[in-house]
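Undergrad: could you work out the structure for the sequence below:
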Amino acid sequence: MGFWRGLRHAFGQPLRYATLVAGALPALAFPAPNLEFVAWFGLVPGMLLLRASPSAREAAVRGWWFGTGFLLASLYWLAPNLGPGLLLVTAFIGVLWAGFGVAVRGLLRDPVTLGRALAALVVVPSSWLVADWVRSWQGFGGPWSVYGASQWQHPAVLALAALGGVWLVSFALVVANTGILILLVARPVPLRLVGAASAAIAIAAGPVAFAFTSASPVSRTVTIALVQPGVVHNPTLSAFASERLSAGLSRDHADLIVWGESSVAVDLSLPSSAPRLRRLEALSAADRAQLLVDQDSVVDGNHSKVALLIGSNGIDGRYVKTRLVPFGEYIPFRQELGWLTKISKAAAQNMVPGTGAHVLTVTTPSGPLTIGVLICFESAFPDMSRVDTDQGAQLIVYQTSDSTWQAGWEWVQAQHAALSAVRAAETGRPVVQAALTGDSVAFDDRGRLVVWKSSKFRGAAVVRLDLPPVSARTLYDQWGDYVPWTAVVIAALAAVIAVIRADRRRISRYRPAGLPWDGNPERDRSGAAAGTARDGTARDGTATSGSALSDGSPAGAPPSEQ
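TA: Numbers count the residues shown, from 1 in each chain. Below is the predicted model of the structure:
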């Protein structure tokens, strides 16, 4: 009976459901709704519900529901692979936002003071960032819909990404939301001004950074052809469609021709595929440019995604996909979650990942071109493109398919393509994405859009890009994830301080009057406790209860029975 009563209590509170819905609101800032301005205030409704929690425990629970709502709305595209298991997975990861709920309630509940308001402007964004960063680890599925990525179409805001990655953009967004909340709930006018000023500073931070920084000098210009054949359900026909669209690109003087993910229907490393490889070699020679294709490789029953650089003399380089799509290409914690294959389209077996990011060298008429090649879901990981930059890449190339998300799942295609803008701003490198079915895109080294071809496009998009010198480095390139690590330290210190203060309040609440912190009452020479007379009256003449002190009972409690 107690279990069911507790369950009814947990799921029978309307405000928790309201918090769940409020968590879904910020997802509107991402493509395809693309209401990016919502990100600057979209957390406020949920934060209002969190601060109104009657206890820290309830704030943690509401924070959990809030995080679950955000993840459900952001990861809806996993429904074909997870089915009803999506709710289980998002509820499991959503618990990371419990700390965010506690921070909002602890620092912004009534009455809001100047000290707590200033602390909230640092601690609340840090708490959000810790949750977003931890759930972005590969073991938890990866960094899809990191909050700062919602600003992909604003290069001025993405200037913060060059300084601290997408994490700094996220921090600024949550600071703005926190400032708006202070503006709404604080009573003293000066405190409201603090909230308004904080929000204004957060909003202006990116444009100011953009204005005071400049693009890297141009070292050379290259021409890239992005081949998009569209939805072709027959893999063999799809492969020849890319080949057909690549013919004649010599007139565009392309330096590199990029095909999408799984664009080759056979494993070109097998002897049986030698005729197919010779056709691609001949195509490369005719176009006077190397081809970057992608195949599904099977070795001893193990499946992998492999990018191949093909020239007129054969395969000149390869890269094996390292970060796999959760539940689509592997199941995290398969031993515990393998049962999902029985109720959904989750991966029947885990694909074999590669050993990490590395660069390939393309031969062009103007000299060697070093590129970082990554596949599909890897565009969501900031560290991978940064590793390619560390290894000398002047251009980042993504290959993707997204054919799973046709007909009703177009939001994920646009959101996937938009990540290239964030990676470009972070690394200070142009980024291109060639999609088998859409969307194919190109962004310059500051994240400004150059080409965007939707899923309706069929053909080859040819784009010219200015490349920075190999030595050009953004601050994020050099310092890495210092922003989330700093947030971890801030959140941890805030948690320690909160625990210490809670312990002090608890001790003070149950400490008998006149009992100092060391537990030894001060007594005068007569043996009476300090502050009382020998007859048991206080020095101010009021009566005291000797028994209430003698048995150590809390103030106001009845004396213990003898």
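
Undergrad: now the stretch 251-400 of the chain, which segments are flagged as low pLDDT?
TA: The model of the stretch 251-400 of the chain has pLDDT under 70 over residues 300.

Undergrad: rerun that using 50 as the cut-off
TA: Within the stretch 251-400 of the chain, not a single segment meets pLDDT under 50.

Undergrad: residue contacts, G206?
TA: Q151, H154, A156, V157, L158, A159, L160, V169, A172 (CB atoms under 8 Å, 6 or more residues apart in numbering). Placement of C-beta: from N, CA and C, glycine included.

Undergrad: helices and strands around the helix or strand A73 falls within, which ones?
TA: In the assignment (DSSP states H and E), A73 maps to helix 56-74. Applying 3 or more CB pairs under 8 Å, 6 or more residues apart in numbering; DSSP states H and E, we find helix 56-74 packed against helix 14-24, helix 44-51, helix 85-94, helix 98-108.

Undergrad: grab the nearest non-local neighbour of L309.
TA: Of all residues beyond its chain neighbours, the one nearest L309 is G317 (4.0 Å), with distances taken as CB to CB, 6 or more residues apart in numbering.

Undergrad: need the three-state assignment for that neighbour.
TA: Per DSSP: H, G, I helix; E, B strand; the rest coil, the secondary structure class of G317 is strand.

Undergrad: so who does it touch?
TA: L308, L309, L360, T361.

Undergrad: of these, which count as buried by neighbour count?
TA: In the contacts of G317, burial by neighbour count holds for L308, L309, L360, counting by 16 or more other CB atoms under 10 Å.

Undergrad: doesn't the last one belong to a strand?
TA: Yes. Assessed by three-state DSSP, L360 belongs to a strand.

Undergrad: that one - nearest residue in space that isn't next to it in sequence?
TA: In space, and not counting its chain neighbours, L360 is closest to G317: 4.0 Å by CB to CB, 6+ apart.

Undergrad: can you give me the distance of the one you found to L50?
TA: Remark: distance between G317 and L50 (CB to CB, to the nearest Å) = 50 Å.

Undergrad: ok, now V264?
TA: From V264 to L50 the distance is 50 Å (CB to CB).

Undergrad: counting neighbours, go ahead and name the busier of these two.
TA: Comparing V264 with L50 by other CB atoms under 10 Å, the one with more neighbours is L50, at 30 against 25.

Undergrad: need the contact list for the more buried one.
TA: L50 neighbours (CB under 8 Å, 6+ apart): T19, A59, R62, G63, F66, F100, G101, V104, R105.

Undergrad: count the residues that sit near the fifth one.
TA: Other residues within reach of F66, judged by other CB under 10 Å, total 33.

Undergrad: likewise the fourth one?
TA: Counted with other CB under 10 Å, residues neighbouring G63 total 32.

Undergrad: I'd say it and G106 touch.
TA: No. The pair G63 and G106 fails to qualify as a contact (CB atoms under 8 Å) at a distance of 11.2 Å.

Undergrad: rewinding a little: comparing the helices and strands packed on helix 56-74 by mean pLDDT, which bottoms out?
TA: Of all the helices and strands packed on helix 56-74, mean pLDDT reaches its minimum on helix 85-94 (a mean of 90).

Undergrad: between helix 56-74 and that one, find me the angle.
TA: Helix 85-94 runs at 130 degrees relative to helix 56-74, counting by axes from the mean of the first three to the mean of the last three CA atoms, to 10 degrees.

Undergrad: got the buried residues for helix 85-94?
TA: For helix 85-94, by 16+ other CB under 10 Å, it's G85, L86, V89, T90, I93, G94.

Undergrad: who are the packing partners of that helix?
TA: helix 56-74.

Undergrad: after the helix it packs on comes which helix or strand?
TA: Next element after helix 56-74 (DSSP H and E): helix 79-82.

Undergrad: residues contacting V104?
TA: Contacts of V104 (CB under 8 Å, 6+ apart): M47, L50, R51, A59, G63, A120, V124, S127, L181.

Undergrad: and the contacts of stretch 494-508?
TA: G99, V102, A103, G106, A119, V123, S126, S127, W517.

Undergrad: how far off centre is it?
TA: When distances are taken as CA atoms, centre = their mean, to the nearest Å, stretch 494-508 is centred 31 Å away from the chain's centroid.

Undergrad: average model confidence for it?
TA: 85.

Undergrad: in it, what's buried?
TA: A494, A495, A498.

Undergrad: what do you get for stretch 173-189?
TA: 173-183, 185-186.

Undergrad: narrow the residues you listed to those in strands?
TA: Among those, none falls in strands (DSSP state E).

Undergrad: let me have those in a markdown table, adding pLDDT and distance to L277 as columns.
TA: Formatted as a markdown table, these follow (pLDDT from 0 to 100; distance: CB to CB, whole Å):
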| residue | pLDDT | distance to L277 |
| --- | --- | --- |
| L173 | 98 | 48 |
| V174 | 98 | 51 |
| V175 | 98 | 54 |
| A176 | 98 | 53 |
| N177 | 98 | 54 |
| T178 | 98 | 57 |
| G179 | 98 | 59 |
| I180 | 98 | 59 |
| L181 | 98 | 60 |
| I182 | 98 | 63 |
| L183 | 97 | 64 |
| V185 | 96 | 66 |
| A186 | 96 | 68 |
